[in-house]
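In: What shape does this take:
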Amino acid sequence: QVQLVESGGGLVQAGRFRKLSCTASGRIFSFRPRGWYRQAPGKQRELVAFVTPSGTTVYGDTVKGRFIVTRDENALYLEMNTLKPEDTGVYYCNAGIRATASSQEDDYWGQGTQVTVSS
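Out: The predicted structure follows:
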């Protein structure tokens with residue numbers, strides 16, 4: 001069974017750094033990581049950062065200049081600098097995955113990893 005798995009969340013003090021990772025588990029043919037989203041308590045899920053197939057990166061307004069999204073052939077990463085309490089939320093990874101060479105690319109979401117920033 002194919003799954004997206006996020007890791008790296010936890011409790012961190014304001015002003016500090018944290019790095020999230022997202023990988024695919026199970027047998028897959030291709031993995032195309034797209035981006036990170038987050039959901040704070042009582043709020044809608046919002047874009048944090050995504051990377052296009054050509055490598056262009058786009059960031060949400062609240063994280064520009066502080067967060068950096070990168071990828072390699074096996075994973076998607078989110079480097080979070082100068083964290084603020086308002087960055088608290090569940091962070092979700094999104095990717096396109098083909099299970100076999102003959103299958104279509106399906107959209108996958110991870111279960112999320114909690115990031116809590118204390119003041």
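
In: With residue 30 as the reference, measure out to the residue sitting furthest away from the middle of the chain.
Out: Distance from the centre of the chain peaks at residue 102, with 26.9 Å (Cα atoms, centre = their mean). Distance from residue 102 to residue 30, counting by Cβ to Cβ, to the nearest Å: 12 Å. All C-beta spots, glycine's among them, are computed from the backbone N, C-alpha and C.

In: cool, and residue 114?
Out: Taking Cβ to Cβ, one finds residue 114 at 29 Å from residue 30.

In: Equivalent analysis for residue 4, please.
Out: On the measure of Cβ to Cβ, residue 4 and residue 30 end up 14 Å apart.

In: Between these two, which contacts overlap?
Out: residue 97 (Cβ atoms under 8 Å, 6 or more residues apart in numbering).

In: These two - which one has more neighbours?
Out: residue 4 (22 against 15; other Cβ atoms under 10 Å).

In: My understanding was that that one contacts residue 113; is that so?
Out: No: using Cβ atoms under 8 Å, residue 4 is not in contact with residue 113; the gap is 10.8 Å.

In: Which residues does stretch 72-82 contact?
Out: 15, 17-24, 31, 33-36, 48-49, 51, 63, 66-71, 87, 91, 93, 95, 115.

In: Please read the previous query as pertaining to stretch 50-68.
Out: Counting by Cβ under 8 Å, 6+ apart, 32-36, 46-49, 69-71, 76, 78-83, 86-87, 94 sit against stretch 50-68.

In: Against residue 118, how distant is the closest residue to residue 110 other than its chain neighbours?
Out: Excluding the flanking residues, the one nearest residue 110 by Cβ to Cβ, 6 or more residues apart in numbering is residue 4, at 3.8 Å. Distance from residue 4 to residue 118, counting by Cβ to Cβ: 27 Å.

In: secondary structure class for the residue nearest to the spatial centre of the chain?
Out: Geometric centre of the chain, nearest residue: residue 36, 3.2 Å, by Cα atoms, centre = their mean. Under DSSP: H, G, I helix; E, B strand; the rest coil, residue 36 falls in the strand class.

In: How about it, nearest residue that isn't a chain neighbour?
Out: Closest to residue 36 by Cβ to Cβ, 6+ apart is residue 48, at 4.2 Å.
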